[in-house]
Every structure is written in C-alpha cells, then in structure tokens.
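Chemist: Here's my sequence, what's the structure:
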Amino acid sequence: MEVDVAIVGGGPAGLATALFLESRAKDLARRTVVLERATYPRDKVCAGAVGGRGLALLASIGVRPDVPKVEIRGIAVTTRVGELLERSDRVVGWVVRRRELDAELARIARGRGIAIEEGRAVREVRAPEDGPVELELEGGERFRAKVVVGADGVGSVVRRAVGWPRGGIVAQAVELDTERSPSDLPEDVLHFDLTEPDLVGYAWDFPTPLDGKTRMSRGVYDLGPRALDPAARLARRTRDPIALPKRRFSERGVTLGERLAKPRILLVGEAAGIDPVLGEGIAQAIAYGAYAGEYLARVLPSARLAFEDYAPLSPRRRLGIDLELRARALPLVYGRTRRALEWTVSHSSPLARAGLAYFGGARVPRADLARAAFDLARGCLMAGLSPAGRW
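Modeler: As a prediction, the model looks like this:
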C-alpha cells in the first residue's frame, strides 16, 4: 500500500497529528494512515492526567472527547517539611483512562475520514536516501509512504530504525488502582508525595474513573538507580503486602539538542521526549501532534521533505519553552537544591496557583510568578540554614 503519510502509533500524539493535519489539509488526511499495533480499546498504562491546555488545543479544531473522567481543580504536595493544598475556582484538567481516551480519539479521527489500521505492528523501517520510506509490518505486509511520523512511544520502532539513541532520560514507573480511603484528599485533587529522600522522583495519588466510580491511581515515578524497585516503594506506601495487580511502564524525558527529524521522518510525543521532571505526557503529546499536523500540511504540498526546519521545541513555541524549562530544571529539582525546592513547593501558594493556571492552559498571573520567585529565594535560605543531613 502506498500513502502520503504513515503515522506509526495510535495514541494521543499520533491521533492528534492526524486530526490537526485533517483540520488544515483534508485532501492530505485522506492519503494518511495511522498504524496501531493493538486493537481499540486497548489498555495503556498511564496515570491519566490531561492538562486543560491539551484539551483546549483539541477543542480548537472541534475535538471534544466524550469519555469518563474526573475533573481536577486542585493540587497537593507533601514533602519532609510540610504540605500544601491549593485549589482553583475552575476545572484545570481531567484524569482519564487511556483505554477510553485513545479509543475515543480514534473514533473521532475515523469520523473525519482518517484511515486507522488496527493490529498492525511495524517491525522495520527503511529510509533510503531518496524515495519513499518503506515500512514492514509483522506478517510481512509492506507500506510505502512519502513521510513517516514516529508516534510510537518510549520503545519507538521508528526512532530505533533510523539510528537515533534511546535518550538519556528514561524513568521507570509502577501504578495500581485502589479504592479511596478516608485519608485521601478530595476527589478533584492531584496529590504528589516527595517525602522519600532517596527517591529521584515522586509518588502520586490521583483520582481515577473506573467502572462508574472514582477510585485512586497510586504510583511511583523513579528516575534514579534501581537499588530499590519502584514496586517495593509502592507496596510500602500502600501498606499492602498482597500482590495487587501492578502495572509497570517506562517514560522518555526530552533531551535538549536531540534531532527529532531527518528527511521524510519525524518524531512526536514520547518518541521525541516528554516532561522529564514529572513525566507529564498527554497534553504535551497533543501539542506535538498539533505542531506536526500543521507542519505537514504546510510542507507536503511543496515536496520539501528534508524537514530541516521541523522544530516543535523552538523557544518561540509554548511546547518548546515548557520542555526546555523542565529539562533544565531536572538536576535542580532532584539534585543538590532539592531541599530548597521541597520547602518552596510545600509553602508557596503563589507557585501552586501558577502551576494550576499553566496546567489548565490559563494565563499565569505575573504577580504569582513574582511571589513564587521570592518564595524560592526563601526556600534556598531555609535549606542553607538547615543542618546538613537534616530537615
């Protein structure tokens, strides 16, 4: 089969690419295929938090997923030196199940004439110097495409096939679903726990929609050495020695300066790299797809397929600013300034309000940014006054 665009991966990044391409160039979208290795609805391990900025991007092209969700209005942080709960007067995002979100996005894409081939795992990608890219699927079937979009996640076949490195920042995570407990925070709050000093990462407790009820997704995001299995940390946090069904997954954080395109091939979503600090990925995957879809609509008609100017992480774009700041903050958040950050995030309401506004896609008040900077300076002072090795 020959197509103009083959998108490898039918998650939020790949489907957003197809949807934004269709919104800008319907004729090109009709010559596009999404190759998804599984069959919808398929399970996808993910904490499921979607920032309002990602939902607003989808809404800008008339895409409004109708899925079970928990609406989020607040954030809570617990550290060794305190805890903070901040709420917004508006919904700033959702928690969803990827099984349902991805299937809904695929349904909407099909309704707009985008071809989706399910159960089509790509085994090999061949990109000659000149001419179409060749895709070989498991079972031997072949596709030829003018352009291939790698939207196939942390284990990206497209990324490996063209010789790009795995990436320098790969986190391990483990999660399980439990019933809510009396000690849990309100159902519309995302809770981050930074109390384990040897954990290069955090633990989370997110409300999640499951079987018509609000339950809890509990997990551990770990960027550090594997001396202690994240699953052991999770079992200790939940005080449950029983072998509950735990789900493991990896995440690729963005590495600044990496190539994200070569002639006829480009990467989006986690194949390109997401937030390395918290592992946030769904809203960023949508932003990658929005950029890539609009980019392809612009360059494909002119046959400019070298993609030298493919720059989703440009400092002039919100996604680029977001991921560069997070990548540069990574060694500060979990490194030698961690104690200062712990004090700040558990004492600074302005910082929490700024985070909620940004997560929700709203304008961040400058006054909150200024006060957050002041609180960070106070946090550095408090950490400096604290005796070494103690809080």
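Chemist: where along this structure do the helices fall?
Modeler: 12-24, 26-29, 52-59, 98-111, 157-161, 230-238, 282-299, 318-333, 338-345, 349-360, 366-385 (DSSP state H).
Chemist: The third one packs against which elements?
Modeler: Yep, that's helix 52-59 we're talking about. Applying 3 or more CB pairs under 8 Å, 6 or more residues apart in numbering; DSSP states H and E, one finds that helix 52-59 makes contact with helix 12-24, strand 93-95, helix 282-299, helix 349-360. To be clear about C-beta, it is placed using only N, CA and C from the backbone, and glycine gets the same treatment.
Chemist: And for the fourth one?
Modeler: Contacting helix 98-111 under the criterion 3+ CB pairs under 8 Å, 6+ apart are the following elements: helix 12-24, strand 32-36, strand 115-118.
Chemist: show me where pLDDT drops low in this structure?
Modeler: 226-229, 239-246, 385-391 (pLDDT under 70).
Chemist: what's the nearest residue to the spatially most central residue of it if we skip its chain neighbours?
Modeler: With distances taken as CA atoms, centre = their mean, residue 281 lies nearest the centre of the chain, 0.4 Å away. Excluding the flanking residues, the one nearest residue 281 by CB to CB, 6 or more residues apart in numbering is residue 274, at 4.0 Å.
Chemist: What of residue 237?
Modeler: In space, residue 237 is closest to residue 203, 5.6 Å off (CB to CB, 6+ apart).
Chemist: That neighbour and residue 342, how far apart?
Modeler: Separation of residue 203 from residue 342 (CB to CB, to the nearest Å): 14 Å.
Chemist: Residue 319 now?
Modeler: Per CB to CB, residue 319 is found 28 Å from residue 342.
Chemist: So for the two, which sits in the more crowded spot?
Modeler: More neighbours surround residue 342 than the other of residue 319 and residue 342, with 24 against 20 (other CB atoms under 10 Å).
Chemist: So the residue nearest to the more buried one when sequence neighbours are not counted versus residue 186, what's the distance?
Modeler: Once flanking residues are discounted, residue 342 sits nearest to residue 79: 4.0 Å by CB to CB, 6+ apart. Going from residue 79 to residue 186 by CB to CB gives 20 Å.
Chemist: between these two, who's got more neighbours?
Modeler: Taking neighbours as other CB under 10 Å, residue 79 and residue 186 compare with residue 79 leading, 23 against 12.
Chemist: Now do the contacts for that one.
Modeler: Applying CB atoms under 8 Å, 6 or more residues apart in numbering, we find residue 79 in contact with 194-195, 342-343, 345-346.
Chemist: how much space is there between it and residue 383?
Modeler: 12 Å.
Chemist: which residues do those two both contact?
Modeler: Common contact partners of residue 79 and residue 383 (CB under 8 Å, 6+ apart): residue 343.
Chemist: Quick one: buried ones out of the contacts of residue 79?
Modeler: Listed as buried from the contacts of residue 79 are 194, 342-343, 345-346; burial here means 16 or more other CB atoms under 10 Å.
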